[in-house]
Structures are given as C-alpha cells and as structure tokens.
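K.L.:
okay, sequence plus prediction incoming.
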Amino acid sequence: MKKHFEGKGFVDCAVFDRSKLAAGATIAGPAIIEERESTIVAGPNTFINVDDHFNVVIEIRETE
C-alpha cells in the first residue's frame, strides 16, 4: 500500500495485522498496523517494537 508523507511523497508501506504481532516483534517504518478498533500509521524514520505486554512502542529518529 502507498501512503503520502510530507517531504517524501508516496512511499510503499508494509501493512500488518496487529493481532498477529508477537511480543518482541520489530518493524522499520514506514508501516501501517491495522486492528479492528484503530490503525497506526508509522512514517519513515520510525522503528516499531512490540513489548512484553503487547504495547506498540514507536521510536521516531531525526533525519539529517
């Protein structure tokens, strides 16, 4: 799926089903994480981790 990000244009994004992400999963953005109640859109320069309690933690790194 392509998503538009300011300054980047349209970028290919991997799409994940949140219910299938295991604890310890790591994903490099850009990515879309879908579930019934919400959708997470993580842009370029993001790193996503699923912690031991299945929380989705997103780290945004600055670009130069």
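P.N.:
Done, it's in. Residues are numbered from 1 along each chain as shown.
K.L.:
all helices of this protein, in order?
P.N.:
Counting by DSSP state H, the chain yields no residue ranges for helices.
K.L.:
what's near enough to touch residue 48?
P.N.:
25-29, 31, 33, 40, 42, 56-59 (CB atoms under 8 Å, 6 or more residues apart in numbering). Any C-beta I mention is one placed from the backbone N, CA and C, and that applies to glycine too.
K.L.:
any of those residues buried? List them.
P.N.:
For those, a neighbour count by 16 or more other CB atoms under 10 Å gives the buried set as 27, 29, 31, 33, 40, 42, 56.
K.L.:
those: which two are farthest apart?
P.N.:
29 and 56 (11.7 Å; CB to CB).
K.L.:
give me the number of residues near the nearest residue to residue 19 once chain neighbours are set aside?
P.N.:
Leaving aside its sequence neighbours, residue 19 sits nearest to residue 35 (CB to CB, 6 or more residues apart in numbering; 6.4 Å). Counted with other CB atoms under 10 Å, the neighbours of residue 35 add up to 13.
K.L.:
thinking residue 35 is in contact with residue 17, fair?
P.N.:
Yes. The criterion here is CB atoms under 8 Å, and residue 35 meets it with residue 17 at 7.4 Å.
K.L.:
between the buried ones among the contacts of residue 48, which is nearest residue 7?
P.N.:
Nearest to residue 7, judged by CB to CB, of the buried ones among the contacts of residue 48 is residue 29 at 14.3 Å.
K.L.:
which residues touch the closest residue to that closest one other than its chain neighbours?
P.N.:
Excluding the flanking residues, the one nearest residue 29 by CB to CB, 6+ apart is residue 46, at 3.4 Å. With contact taken as CB under 8 Å, 6+ apart, residue 46 is in contact with 28, 29, 30, 31, 58, 59, 60, 61.
K.L.:
could you give the number of residues near the last one?
P.N.:
It refers to residue 61. Residue 61, neighbours per other CB under 10 Å, totals 9.
K.L.:
how confident was the prediction at it?
P.N.:
On pLDDT, residue 61 comes in at 88.
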